[in-house]
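S.K.: model this:
(4 chains)
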There are 2 protein chains.
Amino acid sequence: MSSEESMCSICNVRESSGFSYGVLCCGACKMFFRRALFVKNIDTCRQKGECIKKCRYCRFQKCIQAGMSYTPTENLLELKNNDSLSAFIFNLAHQDELRKYQLMNCRYDGDPTVAEIAEHNTPLNFTKKPDDFPMNLGEWIFITGLTSLNYLKKFNHVNMLNASDRHFLLKYSFFDMSIFTDSMRACEKGEGVITFPDGTEVIRAEVPGLEQKFLNGIRCRLAARVNELKVTKEEFLLLSAVFFCNPGLPGISESGRGILSTYQKIYTSALLQYCLLTYQQTGPTRFTDLLSVLQVVTKTRQDISYLFILNSIRGPPSALKKIFIFR
Amino acid sequence: MSSEESMCSICNVRESSGFSYGVLCCGACKMFFRRALFVKNIDTCRQKGECIKKCRYCRFQKCIQAGMSYTPTENLLELKNNDSLSAFIFNLAHQDELRKYQLMNCRYDGDPTVAEIAEHNTPLNFTKKPDDFPMNLGEWIFITGLTSLNYLKKFNHVNMLNASDRHFLLKYSFFDMSIFTDSMRACEKGEGVITFPDGTEVIRAEVPGLEQKFLNGIRCRLAARVNELKVTKEEFLLLSAVFFCNPGLPGISESGRGILSTYQKIYTSALLQYCLLTYQQTGPTRFTDLLSVLQVVTKTRQDISYLFILNSIRGPPSALKKIFIFR
DNA sequence: AAACGAGGTCACTAGGTCAC
DNA sequence: GTGACCTAGTGACCTCGTTT
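M.R.: Purely as a prediction, here's the structure:
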């Protein structure tokens, strides 16, 4: 046990005082992160670099990358706790920005299982992708899955679970998260069809024996719904918390279910409060509309799953990445 | 605790408001120092004397002597922060002028250890040297070491460290600083051989059993390199910050290493920015050339160290000053 | 009762402003 | 140019509720 172990993983200058917001760090960096969330006084930094102590933006980025995560505890339906809600959203927004950045610019060395990813509670180690790195359908699916896993891993409710429960939660959630982010991206691009950032189709154009209508449902159904509702970024962020904190997934222990349902209540009330504040009297309707998106996510995942089974029966055995082995 | 304690150590007229730029002083003297650095409107004073309040030069000198020290915090690579860089250089230039003055005109009573010097964070107390004060090799080495220590002590990074880390940093740095200043002096005099200000040779002419070539290496190698590169005063100042903020020295705690590496990054980027501004497209080359000087400093120190060990084995036990006891 | 982590408080200092 | 005053960011320290 070197003294290295007890240094703050953000500033690496002071001794760590323990875990704060899920990360081993010092009291100063803890307070810095808290204040940044509540005051939101983080200007972007020109040269993205190692400028701890010099640049507040880079220090905050280090917090985000290290997985620092804030969850409101107070009753969010009380108006005076509005700050907690916006701090929570600010936190998620930066986690999501990091996810997008990693999706676009990074690769991952190796082929881990979800169990391995769930084991350690450190963020995944992405590396910068060379400009000429060849992307194909498989690579896009893989990096989308890994960045989704990395995003989900940072939620406080995930870190509260034991390794087994965490494993099951991630295993049965991350693919839905991938689908959901794909659809949000399509929506932001103003497109009705899901594609990867470079235009690659998410599924091959034709699969023998399946109607085109079925395939188009996979490509378009969720994106269409998201588009129709004009789901905002903030709503997406809060929904990602609500959806992927599901106490009903198989394999999760009784105590795990308790934790998840506690957190899901928090996230749900955050979303409700956001809707009420933003849409006034139509807030409750908006709230239920948003929740209904989960049905479409699920339906889409089931369709993809069916497509996948068909492919694996008739096609040649493909070199499937381990995170996509669900049984 | 007399009220004396809380008086401004610069003007001694107002109450001190706390520590500013590393020195206990009042708000007025703090602002004076800051403005002086940024506006650089300090004309020299005719009668060097006690004219605080009357003469801006003497007031500024008091700031420098008291150890007031400014370190840029902003990102120096942004052009708009050019003022910070030049303020930093202006500050260092005056600290260095003081060092030279003390080297030429002062003596130090006593024989402190580096640990003792590191303990208090006040400047060393030099006294004016009588005109007829007899200087010899030992005296020159001693005063060179002490003025180097006094110069290094004022850096902000030194004052950030705890007493133990400060001790180790000074102990393993000040002699290199001495060598470096010796070489700069030779270069300024247009000489290729290091000597003390009155012409005294830095090492005795002959040492039995050692080749003349080896001794000449000590006398000339670093001066030759400095001469070859035509290292300017500003470059010397910035290099002195980069070199003597070494996080890798033995004995320094983990947190101390963190502090030093943070500051070294600041100093390094200051030097790089200076090179880019001054040399345009050849700036990066100049930057690496300058950094390479450190190798020569180190090599020279090692040679001297070897020479010293030889002398101490065979010669009579000399009355070595305590700052030169490195183990 | 001891350890832990969230959150609050306060003294401190760099830097800015403005009347003189 | 000066200095009293103000502001914002910081980090050491404290409190309190929870967990073991």
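
S.K.: quick one: the longest helix seen in chain A to chain centroid distance?
M.R.: In chain A, assigned by DSSP state H, the helix with the most residues is helix A:283-314. Helix A:283-314 sits 17 Å away from the centroid of its parent chain (Cα atoms, centre = their mean, to the nearest Å).

S.K.: Just the pLDDT for the residue in chain A that chain B sits nearest to.
M.R.: Residue of chain A nearest chain B, by Cβ to the nearest Cβ: A:V13 (3.7 Å). From N, CA and C alone the C-beta is placed, and that goes for glycine too. As predicted, A:V13 sits at a pLDDT of 88.

S.K.: A:D43 now?
M.R.: 80.

S.K.: Which element, helix or strand, includes it?
M.R.: Under DSSP states H and E, no helix or strand contains A:D43.

S.K.: same check, this time on A:V207
M.R.: Judged by DSSP H and E, A:V207 forms part of no helix or strand.

S.K.: pretty sure A:L239 contacts A:V297?
M.R.: No: with contact defined as Cβ atoms under 8 Å, A:L239 does not reach A:V297; the gap is 9.3 Å.

S.K.: overlap in contacts of the two?
M.R.: Common neighbours of A:L239 and A:V297, using Cβ atoms under 8 Å, 6 or more residues apart in numbering or on different chains, are A:F180.

S.K.: so which helix or strand takes in the residue in the stretch 201-327 of chain A that DNA strand C sits nearest to?
M.R.: Per Cβ to the nearest atom of the strand, A:I266 is where the stretch 201-327 of chain A lies closest to DNA strand C, at 11.2 Å. When elements are assigned from DSSP H and E, A:I266 belongs to helix A:254-279.

S.K.: And that helix, what's buried?
M.R.: A:256, A:259-260, A:263-264, A:266-276 (16 or more other Cβ atoms under 10 Å in any protein chain shown).

S.K.: Show me the helices in chain A, by range?
M.R.: Under DSSP H, chain A gives helices at A:27-39, A:56-66, A:82-105, A:114-119, A:137-153, A:156-160, A:163-171, A:174-189, A:212-229, A:233-243, A:254-279, A:283-314.

S.K.: check whether the shortest one contacts DNA strand C.
M.R.: No: applying Cβ under 7 Å from any atom of the strand, one finds that helix A:156-160 is not in contact with DNA strand C, the shortest distance being 7.7 Å.

S.K.: Buried residues, that helix. List them.
M.R.: Buried, per 16+ other Cβ under 10 Å, within helix A:156-160: A:N156, A:H157, A:V158, A:M160.

S.K.: which other residues reach that helix?
M.R.: Here helix A:156-160 makes contact (Cβ under 8 Å, 6+ apart) with A:22, A:69-71, A:121, A:152-153, A:166, A:169-170, A:245, A:259-260, A:262-264.

S.K.: tally of neighbours for the nearest residue to A:T113 once chain neighbours are set aside?
M.R.: Leaving aside its chain neighbours, A:T113 sits nearest to A:K322 (4.6 Å; criterion: Cβ to Cβ, 6 or more residues apart in numbering or on different chains). By other Cβ atoms under 10 Å in any protein chain shown, the residues close to A:K322 number 13.

S.K.: Over to A:K189?
M.R.: Counted by other Cβ under 10 Å, the residues lying close to A:K189 total 13.

S.K.: ok, how many other residues are close to A:V293?
M.R.: When neighbours are counted by other Cβ under 10 Å, A:V293 registers 21.

S.K.: wait, isn't it in contact with A:N227?
M.R.: No: at 11.2 Å, A:V293 does not count as touching A:N227 under the criterion of Cβ under 8 Å.

S.K.: one step back: check the contacts of helix A:156-160 one by one and keep those near DNA strand C.
M.R.: Of the contacts of helix A:156-160, the ones that also sit near DNA strand C (Cβ under 7 Å from any atom of the strand) are A:G22, A:Y70.

S.K.: A:L137 is in contact with A:D198, isn't it?
M.R.: No: taking Cβ under 8 Å as the definition, A:L137 is not a contact partner of A:D198, at 10.7 Å.

S.K.: So which of these two has more stuff around it?
M.R.: A side-by-side neighbour count of A:L137 and A:D198, using other Cβ under 10 Å, places A:L137 first with 13 against 9.

S.K.: any idea how far the more buried one is from A:K128?
M.R.: Taking Cβ to Cβ, to the nearest Å as the measure, A:L137 falls 22 Å from A:K128.

S.K.: Please apply the same query to A:V296.
M.R.: According to Cβ to Cβ, A:V296 stands 34 Å off from A:K128.

S.K.: These two: who's more crowded?
M.R.: A:V296 (18 against 10).

S.K.: what's the burial count for the closest residue to A:P72 other than its chain neighbours?
M.R.: In this structure, A:P72 finds its nearest non-sequential neighbour in A:S84, 3.8 Å apart by Cβ to Cβ, 6+ apart. A:S84: 21 surrounding residues under other Cβ under 10 Å.

S.K.: cool, the one 4 residues further on as well?
M.R.: Residue crowding around A:F88 was assessed by other Cβ under 10 Å; the count is 23.

S.K.: Surely it touches A:T71?
M.R.: Yes: A:F88 sits in contact with A:T71 when judged by Cβ under 8 Å, with a separation of 6.8 Å.

S.K.: Restricting to C-alpha, output stretch A:210-229 in CSV.
M.R.: In CSV, the C-alpha atoms belonging to stretch A:210-229 read as follows (Å, rounded to 0.1, in the frame of the first residue of the first chain):
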residue,chain,number,x,y,z
LEU,A,210,-37.7,-10.5,-42.9
GLU,A,211,-40.1,-7.9,-44.2
GLN,A,212,-38.6,-4.5,-44.9
LYS,A,213,-41.3,-3.1,-42.7
PHE,A,214,-39.9,-5.0,-39.7
LEU,A,215,-36.4,-3.7,-40.4
ASN,A,216,-37.6,-0.2,-40.8
GLY,A,217,-39.4,-0.4,-37.5
ILE,A,218,-36.0,-1.0,-35.9
ARG,A,219,-34.4,1.8,-37.8
CYS,A,220,-37.2,4.4,-37.3
ARG,A,221,-39.8,3.6,-34.6
LEU,A,222,-37.9,5.0,-31.6
ALA,A,223,-36.4,7.9,-33.5
ALA,A,224,-39.8,8.8,-34.7
ARG,A,225,-41.3,8.8,-31.3
VAL,A,226,-38.5,10.9,-29.8
ASN,A,227,-38.8,13.3,-32.7
GLU,A,228,-42.6,13.5,-32.3
LEU,A,229,-42.3,14.4,-28.7
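
S.K.: Mind listing residues that contact it?
M.R.: Under the criterion Cβ under 8 Å, 6+ apart, residues A:179-180, A:182-184, A:186-187, A:191-194, A:201-203, A:206-207, A:289-290, A:293, A:296-297, A:299-300, A:303-304, A:307, A:310 lie in contact with stretch A:210-229.

S.K.: cutoff 7 Å now
M.R.: With Cβ atoms under 7 Å, 6 or more residues apart in numbering or on different chains as the test, stretch A:210-229 has contacts from A:179, A:183-184, A:186-187, A:192-194, A:202-203, A:207, A:289-290, A:293, A:296-297, A:299-300, A:303-304, A:307, A:310.

S.K.: Buried by neighbour count, from these: which ones?
M.R.: A:179, A:183-184, A:186-187, A:192, A:194, A:202-203, A:207, A:289-290, A:293, A:296-297, A:300, A:303-304, A:307.

S.K.: So for the residue nearest to A:P72, what pLDDT did the model give?
M.R.: 92.
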